[in-house]
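K.L.:
Give me a model of this one.
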Amino acid sequence: MSVPEQPPAKVVVEPVNSRSSVESVAVNFSYLTSPSILATSLQNGRYGRFSIFASHPLDVFSLNRLGPMCPLEALAKRVSRYPSTYEAGYGLPFVGGWIGFLAYEGGLVTERIEPTTVRDVPLPVLRFCLYDAAAVYDHQARQWYLTAVDWPRPLAGRRPPVSTRLAALRNRLESAPNLDPTDPPPRPATSPPTPNMSHEEYLAKVDRAKRYITAGDIYQVNLTQRFTVRTSASPAAIWQRLCRSSPSPYSALLLWDNAAILCSSPELFLELRDRHVVTRPIKGTRPRVGDPRLDKGNRRELAESEKDRAELTMIIDLLRNDLGRVCSFGTVGVTCAGQIEEHPTVFHRVATIEGDLAHQHRWVDLLRAAFPGGSVTGAPKIRAIQIIDELEPTTRGVYCGSIGLIGLDGSMSMNIAIRTMVQLDGVVHMYAGGAIVADSTPEDEYDEIIAKATGMFRALDCQAPSVSRLPEEVTIP
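P.N.:
Residues are numbered from 1 along each chain as shown. Down below sits the predicted model:
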């Protein structure tokens, strides 16, 4: 059904007084129909300010396999069936729209690359749900808001009235369990992790990647690994532990049928608001071990590392080029060439690139121009993607793809889906990776991916593979 002639939909926003915590509301929503949670468990200035909770979607768009049509074009076609919304006020990032994910392989069609890796985790290539009611928490103002879309006809006849949807949201806030933030979630029983390649195989892949760099094929490539465990724990319980052990500004919990995506990403891929674009790539990681002296040394080492600085500079140039394809001439610029950010288990080097989307383009053009993100491919991007397909044994799926929202107001906010787990019928797959450059050391690269996965291993209460500098175990508060 196409509705291009319909007037824009109206949005109702209602501030509410509630003492319910984000964690307790997330647990409450996890029992509902097809819930999507985009939450902040670690604020970073203006980034990661809001948490969003939605369920009972009006529409679900899912592609199970790659086909002749670009997944992004297929998604844009479905999104265009629905009216846009008026400005709702309050500065909220979501007042109705689509929440979901795009798998890494979903962006390869745009580059005419057909993946040859084994697809052994049966997740969709793309899945987005249209929500016309949501609870939004502003962490900075410590204020809850309820939002609902007041659809024009004939859509209005397909949904409960706005007052009914707002009342249901209010009840979900009020009925949220009173969770004690100092009380640790139950420890899940899990099997030891099984990697999709052995330690020796991974080291050999790093060496192979370095030979490509020496030959001049690429400057860097992102090589990733997957670990699999069995567990009896619920997705909500694991996600609680993940957000406590590895808090981040771009966490997500998506649930449907027997599937769950659990993400604790520190990286903003694309933010589009009022036609202004922001991307914040991460390159360079050092572990945090909880010892002030050692952590200070690791932070200083990252700040002074020419290797890590060069890695990030390459990705900055790549992303400037990606944004330049759809942004107005002269508006793309680097507002921060690399700052050190502190996370509970690691230090990261992060850059910020901004621009203004050209008037003839919209969210889908921006996503198509930049996806998959350069920080999880390498440079040059197309050749790096081809080498990733050769070296990695299994598909990445949602990992290194993107999770986030596409608003009915034309806005968009998508993360890079790192620090991500997929749970299917009691089996959890978790992923980690890192950039390989000319002077990479295979053992150090392996240590880095284990450091990045530390929060996930802790969330699952399973023993991580041993490395030379794995952070010490900490208690989850």
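K.L.:
switch to C-alpha atoms for all contacts and neighbour counts from now on
P.N.:
Noted.
K.L.:
How far does the helix or strand encompassing residue 100 sit from its chain's centre?
P.N.:
According to DSSP states H and E, residue 100 maps onto strand 97-102. For strand 97-102, the gap between its own C-alpha mean and the chain's C-alpha mean amounts to 11 Å (CA atoms, centre = their mean, to the nearest Å).
K.L.:
partners of that strand in the sheet?
P.N.:
strand 126-131 (antiparallel), strand 402-407 (antiparallel) (DSSP bridges).
K.L.:
strand partners of the next helix or strand after the last one, parallel vs antiparallel please.
P.N.:
So that's strand 402-407. Downstream of strand 402-407, the next assigned helix or strand under DSSP H and E is strand 412-415. The pairing partners recorded for strand 412-415 under DSSP bridges are strand 268-273 (antiparallel), strand 402-407 (antiparallel).
K.L.:
looking at those, which is closest to residue 413?
P.N.:
For the strands paired with strand 412-415, the distance to residue 413 is smallest for strand 268-273, at 4.4 Å, taking CA to CA.
K.L.:
name the helices or strands packed onto whichever helix or strand comes after that closest one?
P.N.:
Using DSSP H and E, the helix or strand that follows strand 268-273 towards the C-terminus is strand 276-279. In terms of contacts (3 or more CA pairs under 8 Å, 6 or more residues apart in numbering; DSSP states H and E), strand 276-279 is packed against strand 268-273, strand 346-356.
K.L.:
and strand 276-279, which strands flank it?
P.N.:
strand 268-273 (antiparallel), strand 346-356 (antiparallel).
K.L.:
Going along the chain, name the strands of the stretch 151-300 of the chain.
P.N.:
Secondary structure of the stretch 151-300 of the chain (DSSP state E, counting those that start in this stretch): strands located at 194-195, 220-230, 250-256, 259-265, 268-273, 276-279, 282-287.
K.L.:
what's the closest of those to residue 95?
P.N.:
strand 268-273 (12.9 Å).
K.L.:
now the angle from that closest one to strand 282-287?
P.N.:
Interaxial angle of strand 268-273 relative to strand 282-287 (axes from the mean of the first three to the mean of the last three CA atoms, to 10 degrees): 130 degrees.
K.L.:
Please state the offset of strand 268-273 from the chain centre?
P.N.:
Distance, centroid of strand 268-273 to centroid of chain: 11 Å (CA atoms, centre = their mean).
K.L.:
counting contacts, what elements does the helix-or-strand element of the chain with minimal mean pLDDT pack onto?
P.N.:
Among the helices and strands of the chain, strand 282-287 carries the lowest confidence by mean pLDDT, DSSP states H and E, at a mean of 84. Applying 3+ CA pairs under 8 Å, 6+ apart, we find strand 282-287 packed against helix 292-304, helix 306-324, strand 346-356, helix 442-460.
K.L.:
Assign a three-state SS to residue 388, would you?
P.N.:
helix (DSSP: H, G, I helix; E, B strand; the rest coil).
K.L.:
Which residue comes closest to it once chain neighbours are left out?
P.N.:
Once flanking residues are discounted, residue 388 sits nearest to residue 223: 6.7 Å by CA to CA, 6 or more residues apart in numbering.
K.L.:
hey, what's that neighbour bridged with?
P.N.:
Beta-bridge partners recorded for residue 223 (DSSP bridges): residue 434.
K.L.:
who are the neighbours in contact with it?
P.N.:
206, 388, 391, 392, 433, 434, 435, 436 (CA atoms under 8 Å, 6 or more residues apart in numbering).
K.L.:
now swap in residue 369 and tell me
P.N.:
By CA under 8 Å, 6+ apart, the contact set of residue 369 is 322, 323, 325, 326.
K.L.:
Swap in 10 Å and give it another go.
P.N.:
The contact partners of residue 369, taken as CA atoms under 10 Å, 6 or more residues apart in numbering, are 107, 110, 111, 319, 321, 322, 323, 324, 325, 326, 363.
K.L.:
List buried residues within the residues you listed.
P.N.:
Listed as buried from these are 107, 110, 319, 322, 323, 324, 325, 326, 363; burial here means 16 or more other CA atoms under 10 Å.
K.L.:
Those: which two are farthest apart?
P.N.:
Across the buried ones among the contacts of residue 369, the longest distance by CA to CA is 18.3 Å; it joins 107 and 324.
K.L.:
so residue 343 touches residue 246, yeah?
P.N.:
Yes. Look at residue 343 against residue 246 with CA atoms under 10 Å: they come within range, at 7.7 Å.
K.L.:
of the two, who's got more company?
P.N.:
Each of residue 343 and residue 246 has its neighbours counted (other CA atoms under 10 Å); residue 246 has more, 29 against 16.
K.L.:
still on that earlier bit, will you turn the strands of the stretch 151-300 of the chain into TSV that also has distance to residue 236?
P.N.:
Conversion of the strands of the stretch 151-300 of the chain to TSV gives the following (distance: least, CA to CA, whole Å):
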stretch	distance to residue 236
strand 194-195	23
strand 220-230	16
strand 250-256	8
strand 259-265	9
strand 268-273	23
strand 276-279	29
strand 282-287	27
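K.L.:
Understood, closing this out.
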